[in-house]
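Asks: whatever this is, show me its structure:
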Amino acid sequence: MGKIEIETIVNRQRSLFQSGETLDVTFRKQQLTLLKGMLEKYEGEIYHALKNDLNKSEYEAFTTELGFLYSEIDFALKHLTDWMKLEKVATPITHKGSKSFIHKEPYGVTLIMAPWNYPLHLAIAPAIGAIAAGNTIVVKPSEFTQSTSAILSEMVQSTFDASYFTVVEGDKEISQELLEQRWDYIFFTGSSYVGKIVMEQASKHLTPVTLELGGKSPAIVDKDAKIDLAAKRIVWGKFTNAGQTCVAPDYVYVHEKVKLKLLRAMKKHTRSFYGKKPLENPNFVQIIGKEHFNRLNTFLTEGEVVHGGCTNDEKLRIEPTILDKISGNDAIMQEEIFGPILPVMTFSSIDDVILELKQKDKPLALYYFGENEEKQQQVMTRISFGGGCINDTLYHLANPHLPFGGVGNSGMGAYHGKYSFDTFSHQKSVLKQTTKFDIPFRYPGGKLAKAVVKRLMK
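Replies: I've put the predicted structure just below:
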């Protein structure tokens, strides 16, 4: 696809949006219903594509990709009418006789750029918000998950008119062509490095953006944590999708008094989930490509392997691996791992952990395990991060009442549930003034006007 074809798509979508067709609540609900029907119709093909690209089992594909989308669509359908309602807000006494409202207005023609790690979920989830808010949509899926990108393109093209919702496949050159267009909103999920490029390109047209990025998300296990449960939830959150999850626990801080107990429990639960020979487990997710596989392999030489550590070059698989004797200066601690390797470090004082984390880039997620409510609040309030859990991992993503997004280097903006609708909506302020009377003191002139204004506004 060339520049002219991309320009044609954008222009057609702009014409459709400007016609006003997408503004009606009935139209929006019809499109959401079509979207759900499309996913149901192609469910078998989706499972096959995700198996081809990442070796995902049907269970993992449903729980981490499809199931979330069904829930999000149902939630949007249930609440959309309320979300779209004109919101009346208070008006101060200085504006007597007037009424104030907020209109939820769609931005227009939107671009959604999706990553490879959850290639269906992270392409469609933002689109649900864009549809609900009344926009048109172009989705650019990742070129690294070709099977999923192909089925995504096929099912969208067979369900929606391209002037409303379409998929543009291609490599980074196509992404560059897309970013050179004038969009009304850009939603990007991916690395911080590429996120900066997206933001730079968007700035040329002053296009607003949401950036869902990543970072090194810590899990902190305090001495009073329920260790066995903490270990189970940490290895589940870490090794789901072979660690290729933006909010996976990137590393663990564990209190020195419970470290050995935690290591034993994590090894036990890892074996329980993936077997004694995970490389032979037909459902263990593979690494996305050779370059990423080689990068992860270099980390296996650091510290001491206490569990796992084996690899399969042909199948691009790395065992769920736990590393001990890691320091903050090691290479594995300098960048997001994004793979099934879990470094473990110790601490003796939670204050030291808080101080250290405050000096790092703000992570996308943080997980604290401990029973003391004062310490829970201390960690949650003193450390800045996108979102997280107390005594769990990942689960905050599945609550449509919670916004999901990063802060600082881990991103900007948020979505899920109503927050998806809000992200793709401009909050337009409107004041309706009375014509039955006109308050004189608002206009210049006279000592009385000055006195009244000062009394009302001070």
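Asks: just to be sure, K104 is in a strand?
Replies: Yes - secondary structure of K104 (DSSP: H, G, I helix; E, B strand; the rest coil): part of a strand.
Asks: not counting its neighbours along the chain, what's nearest it?
Replies: Nearest-residue entry for K104: S425, 4.5 Å, with adjacent residues in sequence omitted and distances by CB to CB, 6 or more residues apart in numbering. Glycine gets a C-beta too; all of them are placed from N, C-alpha and C.
Asks: let me see the contact set for the residue nearest to S192 when sequence neighbours are not counted.
Replies: Spatial nearest neighbour of S192, excluding adjacent residues (CB to CB, 6+ apart): L213 at 4.6 Å. The neighbourhood of L213, defined by CB atoms under 8 Å, 6 or more residues apart in numbering, consists of T189, G190, S191, S192, G195, C246, L364, G406, N409, S410, G411.
Asks: equivalent analysis for L179, please.
Replies: L111, I186, I197, V198, Q201, A202.
Asks: ok, now how distant is the fifth one from I6?
Replies: To tie it back to what came earlier, the one meant is Q201. In this view, Q201 and I6 are 14 Å apart by CB to CB, to the nearest Å.
Asks: same question for the second one.
Replies: Plainly put, I186 is 14 Å away from I6 if you go by CB to CB.
Asks: neighbour count: those two, which is higher?
Replies: I186 (24 against 18; other CB atoms under 10 Å).
Asks: chain center to whichever strand or helix holds the more buried one, what's the gap?
Replies: In this assignment (DSSP states H and E), I186 forms part of strand 185-189. The chain centroid and the centroid of strand 185-189 are separated by 11 Å under CA atoms, centre = their mean, to the nearest Å.
Asks: so which elements touch it?
Replies: Packing partners of strand 185-189 (3 or more CB pairs under 8 Å, 6 or more residues apart in numbering; DSSP states H and E): strand 109-113, helix 121-133, helix 192-203, strand 209-212.
Asks: nearest to H307, out of the ones you listed?
Replies: helix 121-133 (28.6 Å; CB to CB).
Asks: report the angle between that closest one and strand 109-113.
Replies: For helix 121-133 against strand 109-113, the angle by axes from the mean of the first three to the mean of the last three CA atoms, to 10 degrees is 160 degrees.
Asks: in contact with E72: list those residues for me.
Replies: E72 touches A125, I128, P400, H416, G417, S420, counting by CB under 8 Å, 6+ apart.
Asks: most neighbours out of these, which is it?
Replies: S420 (29 neighbours).
Asks: how far away is it from R182?
Replies: Distance, S420 to R182, using CB to CB: 23 Å.
Asks: same thing with S217?
Replies: Distance, S217 to R182, using CB to CB: 35 Å.
Asks: more crowded one of these two?
Replies: For S217 versus R182, neighbours defined as other CB under 10 Å are more numerous around S217 (28 against 14).
Asks: could you double-check that V247 sits in contact with P218?
Replies: No - between V247 and P218 there is no contact under CB atoms under 8 Å: 11.4 Å.
Asks: what's the helix or strand for R28?
Replies: helix 25-41.
Asks: ok, residues contacting that helix?
Replies: Residues outside helix 25-41 that contact it (CB under 8 Å, 6+ apart): 21-22, 46, 66, 69-70, 73-74, 76-77, 80-81, 84, 124, 127-128, 131-132, 134, 155-156, 158-160, 164-165.
Asks: try 7 Å
Replies: Under the contact criterion CB atoms under 7 Å, 6 or more residues apart in numbering, helix 25-41 has outside partners 21, 66, 69-70, 73, 76-77, 80-81, 84, 128, 131-132, 134, 155, 159-160.
Asks: which of those residues are buried, as a PyMOL select command?
Replies: Restricted to buried positions by 16 or more other CB atoms under 10 Å, the PyMOL selection for these reads:
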select buried, resi 66+69+73+76+77+80+84+128+131+132+134+155+159+160
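Asks: could you pull out the helices in the stretch 301-450 of the chain for me?
Replies: 350-358, 373-382, 418-423, 447-457 (DSSP state H, counting those that start in this stretch).
Asks: if I look at T26, how far off is Y395?
Replies: Following CB to CB, the distance that separates T26 from Y395 is 35 Å.
Asks: quick one, which of these two is more surrounded?
Replies: The neighbour comparison of T26 against Y395 (other CB under 10 Å) goes to Y395, with 14 against 8.
Asks: what's the closest non-adjacent residue to that one?
Replies: Once flanking residues are discounted, Y395 sits nearest to C389: 5.7 Å by CB to CB, 6+ apart.
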